[in-house]
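Undergrad: okay, sequence plus prediction incoming.
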Amino acid sequence: MPRRSDSSPQTLLLLAALLDDAGGWHYGYELSRTTGLRSGTLYPTLIRLAERGFLETRWAEPERPGRPPRHTYRLTAAGRQLARDRLAAAPAPGRLTSQPARTV
């Protein structure tokens, strides 16, 4: 059975970071620093979640003059539920799921 794209380890990491402040707006660089995900993984995941209705997106005005606006993201109600469901079903961190434990 193929793994769902919304339950990959990278997506779970991102959902956990977003769920920590579920009502807050987050921008990509902040999420990258928080999760350790690189932009080539982070942004496609954010886009996929937004296209499926799990994230709201908006452009935020810069905090300082001369800076560009930031694209920000926030979990929708469906996104909060998805995050809770996927994180509750996720294996414990550090546990191997692809191979059975070996005994010596």
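TA: Sure, I can see it. Source: prediction; values computed, not measured.

Undergrad: any weak-confidence spans in the chain?
TA: For the chain, the stretches with pLDDT under 70 are 1-6, 92-104.

Undergrad: make it 90
TA: Along the chain, the parts satisfying pLDDT under 90 run over 1-8, 22, 61-64, 68, 90-104.

Undergrad: helices of that one, start to end?
TA: For the chain, applying DSSP state H gives helices covering 9-20, 28-35, 39-51, 77-89.

Undergrad: enumerate every residue touching the closest residue to residue 32 other than its chain neighbours.
TA: Once flanking residues are discounted, residue 32 sits nearest to residue 42: 5.4 Å by Cβ to Cβ, 6 or more residues apart in numbering. C-beta here means a position set from N, CA and C on the backbone, and glycine is covered the same way. Residue 42 makes contact with 14, 28, 31, 32, 35 under the criterion Cβ atoms under 8 Å, 6 or more residues apart in numbering.

Undergrad: quick one: the first one from residue 55, how far?
TA: When Cβ to Cβ, to the nearest Å is applied, the distance between residue 14 and residue 55 equals 10 Å.

Undergrad: what do these two both touch?
TA: Common contacts of residue 14 and residue 55 (Cβ under 8 Å, 6+ apart): 46, 49.

Undergrad: now do the contacts for the residue nearest the centre of the chain.
TA: By Cα atoms, centre = their mean, the chain has its centre lying nearest to residue 14, at 2.1 Å. Going by Cβ under 8 Å, 6+ apart, residue 14 touches 31, 35, 37, 42, 45, 46, 49.

Undergrad: now, of these, which are buried?
TA: Listed as buried from the contacts of residue 14 are 31, 35, 37, 42, 45, 46, 49; burial here means 16 or more other Cβ atoms under 10 Å.

Undergrad: noted, bye for now.
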